[in-house]
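Enquirer: need a 3D model of the sequence below.
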Amino acid sequence: MMDEFFHENDYHVSRRIYSNRVFDQFHERQAQEIQSLRERLSRTCGCTDKWAVQKIKGLLPILDWLPKYPVKQWLPGDVVSGVTTGLVCCLQGVAYALLASVAPVYGLYSAFFPILTYFVLGTSRHISVGRSMALLKNEFLVVSNKQRFKKDLEAQRILVACTMTVLVGLFQVAMGLMKVGFLVRYLSDPLVGGFTTAAAFHVFISQIKTILSVPIYNHNGFFSFAYVSRNINQTNIADLIAGLLTIFIVMAVKEINTKFQHKIPVPIPIEVIVTVIASAISHVMDLNSLYGASIVHSLPRGFAPPQTPNIALIGNILGSSFSTAVVGYAVAVSVAKVYAAKHDYTVDGNQELIAFGVSNIFGGCFSSFVASTALSRTAVQESTGGKSQVAGLLSAIIVLVVISGIGFLLEPLPKSVLGAVVIVNLKGMLMQVVTVPYLWKKDRPDCIVWVGTCLAAIFLGLDLGLAVGLGLELLTVVFRIYEPEGVKIFRIPSPIFFANIDFFRDKLKDAVGFNPLRILRKRNKAVKKMKKLIKKGELTLTSVRLKHDNNKLKDYDESNMEDLDKPTDYSDLPVQVNWNVELPANIRVPPVNIHSLILDFSVVSFLDISALKGLKAVWQLFYIVGSDPYIIEKLRNCTFFDDEIKTSIFFLTIHDAMLCIHESHPPKTVSEKVTKTFGDCTSFICSFKDEFVAFI
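Expert: Residues are numbered from 1 along each chain as shown. Sure thing, here's the model as predicted:
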């Protein structure tokens with residue numbers, strides 16, 4: 001029955017409006033416990049065995065979860081998941097190496113080294129660490145833009161990529177130690193969605209040349225499509241057929257896996273099957289010699305020797321490395337939190353920064369590329385029964401076996417097949433575009449952020465695209481902020497004391513948009529002048545307004561400045577003045593478009609004498625909300641309150657203050673707003689209480 005009387009726009013506040021004075025009348029305030037300096041230092045600097053163990057486990061999470069590992073319950077699932085994910089890692093590692101135009105073995109390194117360190121340092125149980133599709137294009141563009149060497153081109157590409165990887169790791173470790181994991185909060189879901197879709201689009205364009213096997217030299221990015229079109233007549237038919245068949249088969253089987261995921265115990269590892277079949281066909285039919293197909297060729301066994309990063313390159317890749325570090329962390333933590341919520345555990349954001357940072361530093365020294373999390377591999381690892389990072393470690397062992405012994409089996413594999421595998425795995429990221437109509441209907445500012453970030457990242461590059469996305473995100477936050485008509489809400493973000501009181505007053509002037517002292521003097525002069533005119537008979541009161549006689553109007557002395565700075569007595573003025581309409585006797589007073597100012601004191605922890613004097617000067621204008629009890633007590637002890645300044649100007653919340661304002665200044669109806677817009681020339685009668693007396 002209640003639903004019949006419910007209206008969508010109805011709301012009800014079930015408690016009274018609380019100012020501090022009213023709240024104190026109904027509730028007893030408990031005295032705050034004050035600790036001595038020695039007690040505070042002892043509590044802050046003390047170190048116990050339990051505290052030390054917690055810190056060590058926080059830095060090395062493996063010490064916390066591995067001793068509790070339930071072997072019987074988790075190990076079978078981790079084994080199946082680790083083997084399946086390891087095979088996918090090998091194939092994707094070889095495929096992703098093509099993006100940086102380096103030997104496929106380096107892609108295998110990227111699927112091996114980062115997992116080892118994340119196994120020890122990471123806090124997510126389900127993500128698969130390695131090359132991220134969202135970061136591939138950024139690194140690829142950086143590597144390609146530094147191709148200024150004529151000799152040993154691949155070695156130079158590796159050096160650039162590894163230097164960038166180490167630099168990304170250093171940025172992430174530094175951010176983790178400084179506890180700045182909160183930065184990911186500024187990367188909203190629409191921003192990350194638009195950015196990763198653009199990254200996937202760049203990767204898609206780059207893989208077209210692999211499937212068609214056409215040369216486009218060093219032209220990368222969105223406009224490389226024009227160069228592909230120019231050389232379309234050089235397409236290798238064998239590579240094109242192999243790539244298209246791979247795309248069709250892999251997509252079809254993946255749809256089957258998705259449709260029957262509850263009936264199939266383990267998803268069909270179609271990438272592995274297609275790769276094995278394609279390698280066998282290529283070897284038997286000798287596609288490279290007879291049809292000119294581009295194949296993997298050499299896949300060296302073993303590991304490359306460790307190398308130090310090139311310090312000379314750091315200046316050129318600093319900006320790209322920082323953006324890659326932030327976005328890589330944002331994508332990884334976003335995915336990790338999804339699975340953490342699904343399986344009911346927590347992920348430590350700052351520890352994740354350290355884990356990925358160390359993984360990138362370690363991997364970069366062993367010819368590995370930037371690591372984050374791969375969405376497709378993570379889905380495989382979780383969906384095949386993975387319960388912990390033991391599955392990740394087993395997948396690294398599978399990669400190790402391929403690197404050490406059986407990598408030669410992949411040498412006849414056509415590169416177009418690997419490019420097709422990459423394109424198919426882009427589907428999930430490219431399909432994020434379907435969220436645009438939904439965002440447009442539900443939240444247009446978020447839709448603008450998504451589309452703007454995506455387009456900027458496509459046409460301007462990923463670095464500038466991320467910057468544009470952040471700018472759009474901040475702008476939408478500004479435009480979302482709603483301020484009721486006639487009310488200004490001013491938030492004080494720090495304590496107020498002698499060093500910033502002048503800055504506080506200047507910012508307050510900027511916020512209200514006028515000089516309050518000037519307005520106060522103008523109004524006081526206007527009132528004094530009207531009183532004199534009324535006394536002299538030159539200003540008379542009609543039924544609706546004051547009327548002046550221009551023939552008798554004279555110029556009068558307007559008092560000295562000291563008198564104008566004092567409050568004026570309005571009691572003997574026969575009317576109430578609306579300062580925002582035309583005044584009689586050619587009196588000019590600048591209009592003011594606000595009637596109430598709310599000062600948000602929620603984070604003001606203390607005041608000093610200088611601040612108290614400044615606040616004393618502005619009391620007539622504002623309502624103070626969210627004040628700490630210490631602030632109220634400080635004001636009482638310093639005799640801030642008197643007959644005119646009372647605790648009723650302090651409120652517990654902004655909501656309480658706004659309800660109080662609405663009682664004295666009800667929101668205008670549509671007709672009232674129209675009247676205000678076109679003006680009211682017949683009357684200037686209004687209540688003085690609807691106006692404020694200016695300050696400072």
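Enquirer: element containing residue 489?
Expert: According to DSSP states H and E, residue 489 maps onto strand 487-491.
Enquirer: output the contacting helices and strands for the very next helix or strand once past that strand.
Expert: Where DSSP H and E defines the elements, the next helix or strand beyond strand 487-491 is helix 501-512. Using 3 or more C-beta pairs under 8 Å, 6 or more residues apart in numbering; DSSP states H and E, the elements in contact with helix 501-512 are strand 487-491, helix 609-618. For the C-beta atoms, the positions are set from N, CA and C on the backbone; glycine is no exception.
Enquirer: now those as CSV including distance to residue 230 and mean pLDDT?
Expert: Formatted as CSV, the helices and strands packed on helix 501-512 follow (distance: least, C-beta to C-beta, whole Å; pLDDT from 0 to 100):
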stretch, distance to residue 230, mean pLDDT
strand 487-491, 57, 84
helix 609-618, 69, 71
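Enquirer: picking up where we left off before, who does the strand holding residue 489 pair up with?
Expert: strand 596-600 (parallel) (DSSP bridges).
Enquirer: quickly note the distance from residue 480 to residue 582.
Expert: 36 Å (C-beta to C-beta, to the nearest Å).
Enquirer: so for the two, which sits in the more crowded spot?
Expert: residue 582 (12 against 9; other C-beta atoms under 10 Å).
Enquirer: buried sites along the strand holding residue 489?
Expert: Judged by neighbour count using 16 or more other C-beta atoms under 10 Å, the buried positions of strand 487-491 are 487-489.
Enquirer: compute the inter-axis angle for it and helix 501-512.
Expert: 150 degrees (axes from the mean of the first three to the mean of the last three C-alpha atoms, to 10 degrees).
Enquirer: identify the residues contacting strand 487-491?
Expert: Strand 487-491 is touched from outside by 483, 507-508, 511-512, 594-600, 602-603, 654, 658, 661, with contacts defined as C-beta atoms under 8 Å, 6 or more residues apart in numbering.
Enquirer: buried subset of those residues?
Expert: If we count by 16+ other C-beta under 10 Å, these have these buried: 508, 512, 594-600, 654, 658, 661.
Enquirer: identify the farthest-apart pair in these.
Expert: Between any two of those, the greatest separation by C-beta to C-beta is 19.1 Å, found for 508 and 658.
Enquirer: contacts for stretch 162-178, please.
Expert: Here stretch 162-178 has contacts from 139, 142-143, 181, 183, 307, 309-310, 313-314, 317-318, 320-322, 324-326, 328-329, 350-354, 356-365, 367-371, using C-beta under 8 Å, 6+ apart.
Enquirer: surely residue 112 and residue 397 touch.
Expert: No. The criterion here is C-beta atoms under 8 Å, and residue 112 misses it with residue 397 at 9.0 Å.
Enquirer: ok, the two, which is more surrounded?
Expert: Legend: neighbour count by other C-beta under 10 Å for residue 112 and residue 397, higher for residue 112 (26 against 13).
Enquirer: ok, and the closest non-adjacent residue to that one?
Expert: Distances taken as C-beta to C-beta, 6 or more residues apart in numbering put residue 399 closest to residue 112, at 4.5 Å, once the chain neighbours are dropped.
Enquirer: next one: residue 94
Expert: That would be residue 104: by C-beta to C-beta, 6+ apart, it lies 3.9 Å from residue 94.
Enquirer: how many neighbours does residue 502 have?
Expert: 11.
Enquirer: same question for stretch 56-65, mean pLDDT?
Expert: Over the span of stretch 56-65, the pLDDT mean works out to 84.
Enquirer: what's the end-to-end length of it?
Expert: Start to finish, the residues bounding stretch 56-65 are 13 Å apart (C-alpha to C-alpha, to the nearest Å).
Enquirer: what does that stretch rub up against?
Expert: 119-123, 125, 348, 351, 354, 388.
Enquirer: which residues touch the closest residue to residue 293 other than its chain neighbours?
Expert: Closest residue in space to residue 293, ignoring its immediate chain neighbours: residue 287 at 3.9 Å, by C-beta to C-beta, 6+ apart. When contacts are counted by C-beta under 8 Å, 6+ apart, residue 287 touches 238, 242, 281, 293, 295, 412, 414.
Enquirer: in strands, which of the residues you listed fall?
Expert: Among the contacts of residue 287, no residue falls in strands (DSSP state E).
Enquirer: select only the buried ones of those in ChimeraX?
Expert: To isolate the buried members of the contacts of residue 287 in ChimeraX, using 16+ other C-beta under 10 Å:
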select :238,242,293,295,412,414
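Enquirer: reformat the contacts of residue 287 as a markdown table; add distance to residue 501.
Expert: A markdown table is the format used below for those (distance: C-beta to C-beta, whole Å):
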| residue | distance to residue 501 |
| --- | --- |
| 238 | 78 |
| 242 | 74 |
| 281 | 80 |
| 293 | 76 |
| 295 | 74 |
| 412 | 77 |
| 414 | 73 |
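Enquirer: ok, the most centrally placed residue in the chain to residue 581 distance?
Expert: The centroid of the chain falls nearest to residue 186 when counting by C-alpha atoms, centre = their mean (1.6 Å). Note on residue 186: its distance to residue 581, by C-beta to C-beta, is 45 Å.
Enquirer: what about the nearest residue to residue 356 once chain neighbours are set aside, helix or strand, and which?
Expert: Sequence neighbours aside, residue 172 is the residue nearest to residue 356 in space, at 5.3 Å (criterion: C-beta to C-beta, 6+ apart). Taking DSSP H and E as the criterion, residue 172 maps to helix 153-177.
Enquirer: go on, residue 388?
Expert: Counting by DSSP H and E, residue 388 is part of no helix or strand.
Enquirer: tell me the pLDDT at it?
Expert: Value listed for residue 388 in the pLDDT field: 90.
Enquirer: secondary structure element for residue 196?
Expert: Counting by DSSP H and E, residue 196 is part of helix 189-212.
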